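**Student:** Starting from these lines, generate the structure:
(one chain, ligands or ions: 1)
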Amino acid sequence: MTELNVLTIEGLWKGYRGRHVLKGIDLEVAPHEVVCLIGASGSGKSTLLRCVNLLEEVDDGTIHLEGAEITDPRVNADDVRKRLGIVFQAFNLFPHMSVLDNITLAPRQVHRVPRAQAERSARDLLERFGLGDRAGAYPDQLSGGQQQRVAIIRAVATQPKLLLLDEVTSALDPELVVEVLGVIKELKNAGMTMIMTTHEMSFCREIADTVCFLDNGVLIEKGPPAQIFTDPQEARTREFLRSVMESGRF
Ligand SMILES: Nc1ncnc2c1ncn2[C@@H]1O[C@H](COP(=O)(O)OP(=O)(O)OP(=O)(O)O)[C@@H](O)[C@H]1O
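**Tutor:** Just a heads-up that it's a prediction; the model follows:
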């Protein structure tokens, strides 16, 4: 028997004020798979992640999480979000809370994990990701790279079935990017299922199991990085990769 997909997207359409932004997207994500969405600015990558997290209502099509439809209007969005983790470009940490409190807030308040247990798990995660001595710090005492690592730890502290990462390194200075990418690599090694949007092509190539190229709301091509980056089948994919190369962002 094949293992149940973590996520199945079928025929997904989304538009804003009559303009289609996602046009019939189909995508399956298997357990432990890392999917990277690439494409030009405005191609619909973030919108796709926002649809999965039910931050956007879809116009047509379905999304199933572990076999259950989450786009059914009767579904409680909060229950769905409990099973997902999402991290954005802006770290969005609560400034008045310590690192430890930022991380334990959702486990304690949403998942009803006892405080001692939540703190123990949070400290373990901080240790694992090289921030063991920062539990008592406040966000403004941390570098951007440290804040983003905390934001990722916060997202995985609730043990999500699927982690969505939306341009999580875009706001960082190049020397801080590397430490955030290290955290993502470690999560992949630990078997976390992830969908990430990124402009970091070399990282995408290194970490993705599947690369999806979106162009103007259409999923033009998907495949393993070795194929997409060295032997893309579609002219639009080749054009995009050439433009990325020329801009020196590879
Ligand atoms: N809330 C909104 N209202 C109207 N238009 C929107 C809204 N959100 C996104 N769009 C439009 O949808 C299109 C896709 O945006 P989206 O942010 O998904 O692209 P993206 O591929 O993630 O781009 P980037 O790489 O710059 O983050 C863009 O043209 C954007 O202007």
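
**Student:** if I've got this straight, Gly61 is in a strand?
**Tutor:** Yes. The assignment for Gly61 is a strand, going by DSSP: H, G, I helix; E, B strand; the rest coil.

**Student:** what residues are up against it?
**Tutor:** 9-13, 24-25, 71 (Cβ atoms under 8 Å, 6 or more residues apart in numbering). (Glycine included, C-beta is placed from N, CA and C.)

**Student:** Break down the protein into its helices, ranges please.
**Tutor:** In the chain, the helices defined using DSSP state H lie at 45-52, 77-81, 99-109, 115-128, 144-156, 174-189, 201-207, 225-230, 235-246.

**Student:** want to throw the ones you listed into JSON lines with mean neighbour count, mean pLDDT and distance to Gln89?
**Tutor:** Listed next are the helices of the chain as JSON lines, based on neighbours: other Cβ atoms under 10 Å; pLDDT from 0 to 100; distance: least, Cβ to Cβ, whole Å:
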{"stretch": "helix 45-52", "mean neighbour count": "23", "mean pLDDT": "97", "distance to Gln89": "9"}
{"stretch": "helix 77-81", "mean neighbour count": "13", "mean pLDDT": "94", "distance to Gln89": "19"}
{"stretch": "helix 99-109", "mean neighbour count": "20", "mean pLDDT": "96", "distance to Gln89": "17"}
{"stretch": "helix 115-128", "mean neighbour count": "16", "mean pLDDT": "96", "distance to Gln89": "21"}
{"stretch": "helix 144-156", "mean neighbour count": "23", "mean pLDDT": "94", "distance to Gln89": "9"}
{"stretch": "helix 174-189", "mean neighbour count": "17", "mean pLDDT": "91", "distance to Gln89": "11"}
{"stretch": "helix 201-207", "mean neighbour count": "18", "mean pLDDT": "92", "distance to Gln89": "15"}
{"stretch": "helix 225-230", "mean neighbour count": "16", "mean pLDDT": "95", "distance to Gln89": "22"}
{"stretch": "helix 235-246", "mean neighbour count": "14", "mean pLDDT": "93", "distance to Gln89": "19"}
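
**Student:** any chance of the ones you listed in JSON lines, plus distance to Leu214?
**Tutor:** Shown next, in JSON lines, are the helices of the chain (distance: least, Cβ to Cβ, whole Å):
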{"stretch": "helix 45-52", "distance to Leu214": "6"}
{"stretch": "helix 77-81", "distance to Leu214": "23"}
{"stretch": "helix 99-109", "distance to Leu214": "30"}
{"stretch": "helix 115-128", "distance to Leu214": "32"}
{"stretch": "helix 144-156", "distance to Leu214": "23"}
{"stretch": "helix 174-189", "distance to Leu214": "20"}
{"stretch": "helix 201-207", "distance to Leu214": "13"}
{"stretch": "helix 225-230", "distance to Leu214": "12"}
{"stretch": "helix 235-246", "distance to Leu214": "9"}
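
**Student:** Now render these as TSV, adding distance to the ligand.
**Tutor:** Output for those, formatted as TSV (distance: least, Cβ to the nearest ligand atom, whole Å):
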stretch	distance to the ligand
helix 45-52	3
helix 77-81	17
helix 99-109	24
helix 115-128	27
helix 144-156	16
helix 174-189	16
helix 201-207	13
helix 225-230	17
helix 235-246	12
